[in-house]
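**Q** Provide a 3D model corresponding to the input given below.
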Amino acid sequence: MTARPTLAALTWRIAADVNRTVGGGHAAIELMRRSFARSGWLRDVDHALLVAVSRFTPGTNVLAYSAGLGWMSHRLGGVAAALLASSLPGALVVTVSSLIVSRLARYSAVRMALAAATLVAAWLILSSAWALVRPHVLGARRLWAIGTALAAVGLFAAGVTPVRVLLVAAAWGLLFPVRGDAT
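**A** Numbers count the residues shown, from 1 in each chain. Now for the predicted structure:
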């Protein structure tokens, strides 16, 4: 960081930028980068470091990025303020929304709408997943893709944690790489 924001300015800027976006943290991170750079509080090299660390750590990238901003300017107090500013408003919205939905869920029309929304969300996830795996399953590497999927399902069924499943999948990819175009 070049200049150092006050703790109040850090907290307000993070809260304003993180909570202006909906969905993934990429937009929030970009808003924070622009705001902090414009104020002279963040250099490009520091932003690159924060992005790299936020991608490396498990969990939400925007929280890791916010914590990094807090650490760079105010150490532990900055981390606490940044995490509260980036998570508390959203947590309050989710809590209030959940309370409202739980009160309204006694009505059959609301339950049907929630069921329909769940089906639509599931369909979107499944169709996106199919778009990603379709070239592999229907292409020339069909047996490789099916073997990989069966190995992942077997590891999951055996109670292996998702992180270990990903590590085994990475090792599988290193040992048995797909060469050439898979489509």
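**Q** alpha carbons only for contacts and neighbour counts from here, please
**A** Noted.
**Q** name the element L150 belongs to?
**A** According to DSSP states H and E, L150 maps onto helix 142-157.
**Q** In the chain, where's the longest helix?
**A** helix 61-104 (DSSP state H).
**Q** which strands and helices sit next to that helix?
**A** Helix 61-104 is packed against helix 7-18, helix 26-38, helix 44-56, with contacts defined by 3 or more Cα pairs under 8 Å, 6 or more residues apart in numbering; DSSP states H and E.
**Q** Run through the residues that contact the residue sitting nearest the centre point of the chain.
**A** Taking Cα atoms, centre = their mean, the centroid of the chain lies closest to T60, which sits 4.6 Å from it. By Cα atoms under 8 Å, 6 or more residues apart in numbering, the contact set of T60 is G25, S54.
**Q** when you give positions from now on, start the count at 51
**A** Got it, the first residue is 51 from now on, which makes the last one we talked about T110.
**Q** pLDDT score for the closest residue to A78 other than its chain neighbours?
**A** Counting by Cα to Cα, 6 or more residues apart in numbering, A78 lies nearest to V68, which is 4.8 Å off, once chain neighbours are set aside. V68 is assigned 93 on the pLDDT scale.
**Q** V68 contacts I79, correct?
**A** Yes. With contacts counted by Cα atoms under 8 Å, V68 reaches I79, the gap being 7.4 Å.
**Q** any common contacting residues for the two?
**A** Contact criterion Cα under 8 Å, 6+ apart; residues shared by V68 and I79: V112.
**Q** Show the subsequent helix or strand relative to the longest helix of the chain.
**A** Following helix 111-154 in sequence order, the next helix or strand is helix 158-188 (DSSP H and E).
**Q** And that next one, how far out from the chain middle?
**A** Mean-position distance between helix 158-188 and its chain equals 19 Å (Cα atoms, centre = their mean, to the nearest Å).
**Q** now it: mean pLDDT?
**A** Here the average pLDDT along helix 158-188 is 92.
**Q** who does it touch, helix- and strand-wise?
**A** Against helix 158-188 (3+ Cα pairs under 8 Å, 6+ apart) you get helix 192-207.
**Q** and the helix it packs on, what does it pack onto?
**A** helix 158-188, helix 212-225.
**Q** could you dump the ones you listed to CSV with distance to P139 and mean neighbour count?
**A** Formatted as CSV, these follow (distance: least, Cα to Cα, whole Å; neighbours: other Cα atoms under 10 Å):
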stretch, distance to P139, mean neighbour count
helix 158-188, 24, 13
helix 212-225, 30, 13
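**Q** Rebuild the ones you listed as CSV, extending it with distance to V72.
**A** Listed next are the helices and strands packed on helix 192-207 as CSV, based on distance: least, Cα to Cα, whole Å:
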stretch, distance to V72
helix 158-188, 16
helix 212-225, 27
